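>>> Have a look; sequence and predicted model below, questions after that.
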Amino acid sequence: MARERVGILGGTFDPVHQGHIQMALSVLDAVRLDRMLIMPSGNPPYKACATVPEDRWKMVVTACAHDPRLIPSRLELDRSGNIYTIDTLLMLRREHPKWELFYVIGADAVMKLKNWHRIQEVFPLVTFLVCPRENYADPADFTEEISRLRALGASLVIVHMDPVNISSTMVRSALSRGDSTPLLDGSVREFCGAKGLYGMPRRIDDADQWIGKLFSALTPKRFAHSLSVANTARQLARIHGVDLLQAEEAGLLHDCAKCMPLKEMRSIAVEHSLTDDLTVLESSALLHSLTGAWVARNEYGMADPEVLEAIAYHNTGCTGMSRLSMCVCLADFIEPYRESFPLLEQVRMLSVLSLERALLLSLEGTADFVRSRGKYLHPRTQETISWLRSQPSVRSGR
């Protein structure tokens, strides 16, 4: 059986940004690796970190959640003392003797490779994949250093890809200034803003507790989705004059019960008389919103009735729903990583013009999609569609 080809992309990831992910995905495709370990350092000997290790870990997990080839690894994060590459490689060799290891570095790191701890012992263990960087060194010096390292036993492969010229320092500076930057995934930016990292003002008082509980209660993909919905709901709220904090909090907590076993959801719903609809009680997809509102109130301490209503009806809508609820429901439909559904791009474009019209188009598309597959559409969704069609802003087309 062929050996599995596994890449390693290490760093402080303080924070992880689009450049890291772009580099990882480009290398995976260019060199045909099977997977890429994204490995944050716990106590790097060469620099201090601006945030605690667990925050950096949660951000890495979030950034990797949407591609199964990106595998977050705690191998260096959980070790004490100074962390050196040689120790990491030896551990991986012992634990996974059939792996063929590739270590991703930027072209700028080539000039410093000779100074790595016990570098001569590193060379036989791994192939270095060298990714281009602009203005990293004199080209002649770089070529000479590559030749010198190869003569010492290093295996180096130059990866042909567009240069990645984003640094965590650039991202931290942008965040501290409050700049809107495409350098950071929206879910990671939401993580930073909610907790007040890197000089950003802290937006959610209970962010540490909430995010910690959500991280434990949800799958990585659902956790990333929750952060992305919070970020999207906040954007919609800003456009449409809705309270930003309420939208962000509701978006963050909207799926807090999503990964709870159906039996446990049903027990909560029956005990607290959340619904007597047997169809809802038999469906995690329908029940998690009502149960989620109860969990948000009783386990996360959310007391705002408007936020709780937005959580309770984010998946079906409801007649007379508030514009806050519309923001959260719509954000759940259109957040950037949402799997495609009929009319998605049209809904995204319409969402900046009209909450009511965008939500109506989204629910109509969802209803058609569900019915076309012979699945159950909850009556509340059809009632919401009828109610939205009667709204003046929809009837006037404004």
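That came through fine.
>>> all strands for the stretch 201-350 of the chain, in order.
With DSSP state E, counting those that start in this stretch, there are no strands along the stretch 201-350 of the chain.
>>> mind listing the helices for it?
Applying DSSP state H, counting those that start in this stretch to the stretch 201-350 of the chain gives helices spanning 207-217, 220-240, 244-253, 262-271, 278-281, 284-298, 305-312, 323-334, 344-350.
>>> between the fourth one and helix 284-298, how big is the angle?
Yep, that's helix 262-271 we're talking about. 60 degrees (axes from the mean of the first three to the mean of the last three CA atoms, to 10 degrees).
>>> helix or strand for the residue lying closest to Met111 once chain neighbours are set aside, which one?
In space, and not counting its chain neighbours, Met111 is closest to Ala137: 5.3 Å by CB to CB, 6 or more residues apart in numbering. (Glycine included, C-beta is placed from N, CA and C.) Counting by DSSP states H and E, no helix or strand carries Ala137.
>>> what's near enough to touch Arg338?
225, 332, 344 (CB atoms under 8 Å, 6 or more residues apart in numbering).
>>> Would you confirm that the first one contacts Asp255?
Yes. Counting by CB atoms under 8 Å, Asp255 is a contact partner of His225 at 6.8 Å.
>>> My read is that Phe215 contacts Arg222, right?
No. Contact criterion CB under 8 Å: Phe215 and Arg222 do not qualify, at 10.2 Å.
>>> Same list, the contacts of Arg338, but as CSV with pLDDT, distance to Asp14 and neighbour count please.
As requested, these are arranged in CSV below (pLDDT from 0 to 100; distance: CB to CB, whole Å; neighbours: other CB atoms under 10 Å):
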residue, pLDDT, distance to Asp14, neighbour count
His225, 97, 24, 24
Asp332, 97, 30, 23
Leu344, 91, 34, 16
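>>> can I get those residues in CSV with distance to Ala247?
Formatted as CSV, the contacts of Arg338 follow (distance: CB to CB, whole Å):
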residue, distance to Ala247
His225, 16
Asp332, 12
Leu344, 20
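>>> ok, Gly193 - contacts?
Going by CB under 8 Å, 6+ apart, Gly193 touches 200, 203, 231.
>>> For the residue of the chain positioned farthest from its centre, give its distance to Glu145.
The C-alpha centroid of the chain is most remote from Ala151, which lies 41.8 Å away (CA atoms, centre = their mean). According to CB to CB, to the nearest Å, Ala151 and Glu145 sit 11 Å apart.
>>> Same check on Lys263?
Distance, Lys263 to Glu145, by CB to CB: 61 Å.
>>> of these two, who's got more company?
Using other CB atoms under 10 Å, the more surrounded residue of Lys263 and Glu145 is Glu145, with 17 against 7.
>>> Could you identify the helix or strand that succeeds the helix or strand containing the more buried one?
Secondary structure from DSSP H and E places Glu145 in helix 139-151. Using DSSP H and E, the helix or strand that follows helix 139-151 in sequence is strand 155-158.
>>> before we move on, back to that, out of the helices of the stretch 201-350 of the chain, nearest to Pro97?
helix 220-240 (27.5 Å; CB to CB).
>>> coming back round to it: can I get the helices of the stretch 201-350 of the chain in TSV including distance to Met59?
TSV is the format used below for the helices of the stretch 201-350 of the chain (distance: least, CB to CB, whole Å):
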stretch	distance to Met59
helix 207-217	10
helix 220-240	10
helix 244-253	15
helix 262-271	29
helix 278-281	35
helix 284-298	23
helix 305-312	24
helix 323-334	20
helix 344-350	25
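>>> Low-confidence regions, this structure specifically.
Counting by pLDDT under 70, the chain contains low-confidence residues at 1, 44-46, 135-136, 397-398.
>>> Give me the domain ranges for it.
4-158, 254-395 (automatic domain parsing).
>>> wait, doesn't Asp243 sit right on Leu324?
Yes. Look at Asp243 against Leu324 with CB under 8 Å: they come within range, at 6.7 Å.
>>> out of these two, which sits in the busier spot?
Leu324 (23 against 17).
>>> thought Pro40 was touching Thr12?
Yes. If you go by CB under 8 Å, Pro40 and Thr12 touch, sitting 6.6 Å apart.
>>> Common neighbours of those two, please.
Common neighbours of Pro40 and Thr12 (CB under 8 Å, 6+ apart) are Arg56.
>>> Have a look at those two and say which one is more surrounded.
Remark: of Pro40 and Thr12, Pro40 carries more neighbours, 26 against 19, as counted by other CB under 10 Å.
>>> Which residue, other than its chain neighbours, is closest to the more buried one?
Phe13 (4.6 Å).
>>> Arg238 now?
Here the residue nearest Arg238, using CB to CB, 6+ apart, is Leu244, at 6.1 Å.
>>> repeat for Leu101
Val126 (4.6 Å).
>>> Name the residues of stretch 47-60 that are buried.
49-51, 53, 55-60 (16 or more other CB atoms under 10 Å).
>>> picking that back up, which one of the contacts of Arg338 is nearest His272?
Asp332 (23.4 Å).
>>> mind checking how far Lys114 is from Ser283?
Using CB to CB, we find Lys114 at a distance of 61 Å from Ser283.
>>> Over to Ile38. Which of the three states is it?
Assigned with DSSP: H, G, I helix; E, B strand; the rest coil, Ile38 falls in the strand class.
>>> who's in contact with it?
9, 13, 16, 20, 24, 60, 63-64, 70-73.
>>> Got the phi and psi for Glu4?
Per-residue torsions, Glu4: phi -80, psi 130 (degrees, to the nearest 10).
>>> for it, what are its contacts?
34-35, 96, 98-100.
>>> go on, Gly196?
202-203, 207.
>>> Ok, Ala194 next?
202-204, 207, 210-211, 227, 230, 248, 252.
>>> chain center to stretch 35-42: distance?
16 Å (CA atoms, centre = their mean, to the nearest Å).
>>> repeat for stretch 185-197
For stretch 185-197, the distance to the chain centre is 10 Å (CA atoms, centre = their mean).
>>> how about that stretch: buried residues?
185-195, 197.
>>> Check those against Glu299 and report the nearest one.
Ala194 (17.8 Å).
>>> now the angle from the helix or strand harbouring that closest one to helix 244-253?
For Ala194, the host element (DSSP H and E) is helix 186-195. Between helix 186-195 and helix 244-253, the angle comes out at 120 degrees (the same axes, to 10 degrees).
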